[in-house]
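Student: Kindly generate the corresponding structure for this input.
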Amino acid sequence: MSTKLKNGNLLSLKMGMIVLLFTFLCLKPTYGQVIKSSVQSTSGKLPGASIVAISFKGNTSSDLQGDFTLTAPDTGMVSLQLSYIGYKTRTLNIRLKRGINELPPVELAVGDGSALAEVIVSGTMAPSQARAFSIKKQAVAIMDVLAADAIGKLPDRNAAEAVQRMQGVAVAKNHGEADVATVRGTPFAWTSVLFNGSRLPSPNVMGNRSMPLDAIPSEIIQYVQVAKAITPDMEGDAIGGSINFVTRTSPAKRTLSASGAGGYNTFSKNGTYNGSLVYGDRFLDNRLGVILSAATWARQWGSDAFDVSYNTGLTNEQQKNSIGSVMLKRYIGERQTKGINLGSDYKIAPGHTIFLRAMFNKFDDIRPVYEAYVDYNKKRFQYNNRYSHYQTAIYGGEIGGEHQLSGLTKVDWSIGDHKSKYYLETPPASDRKGLPIATFHQQIKSGFGNLSDDGLRYWGFDSPNGIGGSPLDFDPGIKDVQEVLDPSQLKLTQLVITQLDNSERDRVAQLNFHVQATPVLKFKVGGKYRHKDRENFFGSNLVFLPEAALGVENAVPLRSLSSFETQNFPNGASFFGSMNGNYGSFRLDPLTKEQILDLFSPLFMRANGIIEKTDPMSSSSIYTGQERVSSGYVMADYDITEKLKLVAGLRNEYTRTKLIGKRVEPTASGNQLVDSEIENNYNALLPMLHLKYKLNERANLRAAYTRTFVRPNFGDMTPGTSIDVSTTPVTISQGNPELKPTFSNNLDLMGEYFFQNVGIVTGGIFYKDISDVIFTDISMQAIDGKDYRISQAKNLNKAKLFGLEFGINRRFDFFQGFWKNFGVEFNYSYVDSETKVPRIGGAESIYDKTALPNQSKHLFNAILFYEGKGVMVRLAGNFRGKSIETIDQKLGPQFYKWTDNNFTLDATATVSLSARVKAFLELNNLTNSEVSIYMGDSRRVSSREVYGSRGQAGIRWDIIK
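Tutor: Take a look at the predicted model:
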């Protein structure tokens, strides 16, 4: 280990102790009297309330639980002023005794003429927005906030779908449902996803650090905080920003609520259901608080996917755009998301509280898949049938506490243990689990009639002589129109089990000290240690071939699809009805689930002469790993004047990564597997500076400089190689143990104005100077006369990113009568990035200018709403602009893969049947938007998926509130 890295590790461990010593030795302590209380209203706790001392110098704000702590210089009478957006300001006169003064909760009343005044009966979004805006207003970091009841009033059933409504946040969709999120359009791995301030272990099957959020029900979330410019007490691997999901905590008083809904999916033509329950209470004279929330969401779903592979490995430039194969794929599946969250806090003594959090989330994704190919290169049909039941589990717990050590010093701590798993339990007859795929082939004897003069298939706009048609009017072009996919001619030629299992476990401990040095100067120092264990089986393929396909004499004849037990093709939307043409010939009755799984039994394989031909080198993709992160920070919060606040600090994170696996080593007698162990150790020193200027009581101006970083993904560093035979052509993914972390220097300038009647307008600019960008390079390579797609992560030199964002949330209360109940929410982000990608394989050095992968230039959310007389209606549009998905370093920008623009329109309506019961309606993807990926030219479709719309109606019942 280098001296530099050793010093970085020591810095993380010693930083906190050095600053604490400085604080106590160099500053003159004035041991004051501690005031502790909470702020609430009739509707619950009020986080982000402003508490200002009138009779002495001091101020603070309430935390996410509505609690606050303020230190006064002496005993006797003091006066405090408490204010909150949409509520009446209240003055509190208190007689202080020596030590800790713990007061009853302070209740604020709704302001006269406020949008909150009619909330009690109308059930609008105003209380939720008041809490979110108050947290944002008081925050040191540049952030946006979303509260639980706002999530509940939009048709968002998982954590990713909830966060997509926030300014600068984009999501990727997995068969119509949001699953991962990013801030400011940056690559998904550049956004730190936190739960209660700490990263959860990622079940991402690709070894990616991005956190799949489709396993987390939105009902267990209390707040979402999106930080665009972080502070030193936040985890530093967040170039794009961080998204912190805060789970529900115990309420101020007993609460019990339930919801139930049923719905329909227009593609699968089947029903859905959703239910949730929240119970919270306080016991033992309010010293013990408990919250329990649970939710389940089960739905049928489906999609049609049209995928095209191109012959980019050919040497002729024009022929690189010719078509290798076309696949028509139908999904009809079931999904269920389940989650339960437990939270508890116990007040041991005045100034001393301990807490417990526990969670369990499970996502079951059952996807029977039916894939029909036309392979133009090999002049044959291919039919794949697979049964997949992907399972994701995220669970664990955390204990911690907060202790007022003196009038000046407070400490909080926590210890957590969480685990995530992504796994399959199929096929049951095999002791090696994974995704079972059965492949059938049928030779096309009559040939193709729509080939170009060079004998290759193109789309018309690429063809040398204009022959080929377009993707939306796909015609396979077989000369004999009677020659179609035939179950009696499709022969079983291959069985594959693709191993996908992986797991991560994080054990985390952290300790933070808060020191009130003077009335205007606060220090916060702390440290965190994370020990991560990872196991990965992704990319290992078990291959089984019939002896007849290998040319073995007297082998058992190949079995046809028609000789197996099949079932009716699943009902649903018209097969590829979104495209022009008749594709009924690709619609075959598939194998039953039991039949697919039986193909992989030892008994079936022996009876049909099927032997294992797994490449022994494929196990090189299997690895285990450890990552240990030691971090420490110090930050100062200084009120330079009553209007100007400065927050400055330093964070250090030292990372030690070890991966153990196998690598392929060529020898004179052929390739062999050898044990391989790699280490990747590095230090991240992250200075940060924030300035917050209070223009007036309703306006802030913020500026920040931060340095952040992103760790390399495990899957990118693995010492081995994975081979995915389920793709056409076969994909080989290679690891790169030499990857370095990506660093960014960030500048932010933001302004915010809070309307008097619960609303906000924000705007700002940001810039990022980025070094050592990690990206995925994909190129075609011929190996032993066969084309392969080669994928490997690499570092670039530099990149830069500039952006601006604007948002407004405004009720039309300046109108009279009916129109005053309308309002609008709108936010827009413009992000422009640039990096240079070195072209490989040419005689001269060429650098291609390109945007960063996954980065969308334009993002916006637009919501029009009506709230009045117990009725709430919201129409919400979400737009994510096109973005580069993969970079082809060998061929250049004309062969980059892009995800096209995507706009979805959702709607929700709520009617208050009584003060406690509401009926609601939720509709998703009213525009029936598709997800499309193309290569170079937007007409050159690489993948196009259509998944329909869905909706549900139900009841929410506040049984006790």
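
Student: from here on, contacts and neighbour counts on C-alpha atoms
Tutor: Will do.

Student: Tell me the bridge partners for residue 280.
Tutor: residue 255, residue 291 (DSSP bridges).

Student: isn't it right up against residue 256?
Tutor: Yes. Residue 280 lies in contact with residue 256 (CA atoms under 8 Å); the separation is 6.5 Å.

Student: quick one, which of these two is more surrounded?
Tutor: residue 280 (24 against 17; other CA atoms under 10 Å).

Student: ok, that one - contacts?
Tutor: With contact set as CA atoms under 8 Å, 6 or more residues apart in numbering, residue 280 has these partners: 250, 251, 253, 254, 255, 256, 289, 290, 291, 292.

Student: Now render those residues as a markdown table, adding pLDDT.
Tutor: Listed next are the contacts of residue 280 as a markdown table, based on pLDDT from 0 to 100:
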| residue | pLDDT |
| --- | --- |
| 250 | 91 |
| 251 | 91 |
| 253 | 89 |
| 254 | 93 |
| 255 | 94 |
| 256 | 96 |
| 289 | 96 |
| 290 | 97 |
| 291 | 96 |
| 292 | 96 |
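
Student: Buried only: go through those residues for me.
Tutor: 250, 251, 253, 254, 255, 256, 289, 290, 291, 292 (16 or more other CA atoms under 10 Å).

Student: any idea of the pLDDT on the closest residue to residue 568 other than its chain neighbours?
Tutor: Distance criterion CA to CA, 6 or more residues apart in numbering; nearest residue to residue 568, sequence neighbours excluded, is residue 589 at 5.1 Å. Residue-level confidence at residue 589 comes out at 95, pLDDT.

Student: how about the contacts of residue 280 in CSV, adding distance to residue 626?
Tutor: Output for the contacts of residue 280, formatted as CSV (distance: CA to CA, whole Å):
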residue, distance to residue 626
250, 35
251, 39
253, 44
254, 44
255, 43
256, 42
289, 37
290, 35
291, 34
292, 33
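
Student: ok, so of those residues, who is nearest residue 176?
Tutor: Nearest to residue 176 among the contacts of residue 280 is residue 292, at 29.7 Å by CA to CA.

Student: ok, and the closest non-adjacent residue to that closest one?
Tutor: residue 342 (4.7 Å).

Student: so how far is residue 572 from residue 270?
Tutor: 8 Å (CA to CA, to the nearest Å).

Student: Need the overlap of contacts for those two.
Tutor: With CA under 8 Å, 6+ apart, residue 270 and residue 572 have no common neighbours.

Student: hang on, the earlier thing: ok, then the element right after the host helix or strand of the residue nearest to residue 292?
Tutor: Assessed by DSSP states H and E, residue 342 sits inside strand 323-349. Under the assignment DSSP H and E, the closest C-terminal helix or strand after strand 323-349 is strand 352-375.

Student: For residue 44, give me its contacts.
Tutor: Here residue 44 is in contact with 251, 252, 253 (CA under 8 Å, 6+ apart).

Student: same question, residue 766
Tutor: 746, 747, 748, 749, 802, 803, 804.

Student: The residue nearest to the first one when sequence neighbours are not counted and residue 191: what is the separation?
Tutor: It refers to residue 746. In this structure, residue 746 finds its nearest non-sequential neighbour in residue 768, 4.5 Å apart by CA to CA, 6+ apart. Residue 768 is 14 Å from residue 191, where distance means CA to CA.

Student: Of these two, which one has the most company?
Tutor: Neighbours were counted for residue 768 and for residue 191 using other CA under 10 Å; residue 191 has more, 29 against 23.

Student: who does residue 305 bridge with?
Tutor: residue 329, residue 945.

Student: That one touches residue 946, doesn't it?
Tutor: Yes. Residue 305 lies in contact with residue 946 (CA under 8 Å); the separation is 6.6 Å.

Student: Thank you kindly, that will do.
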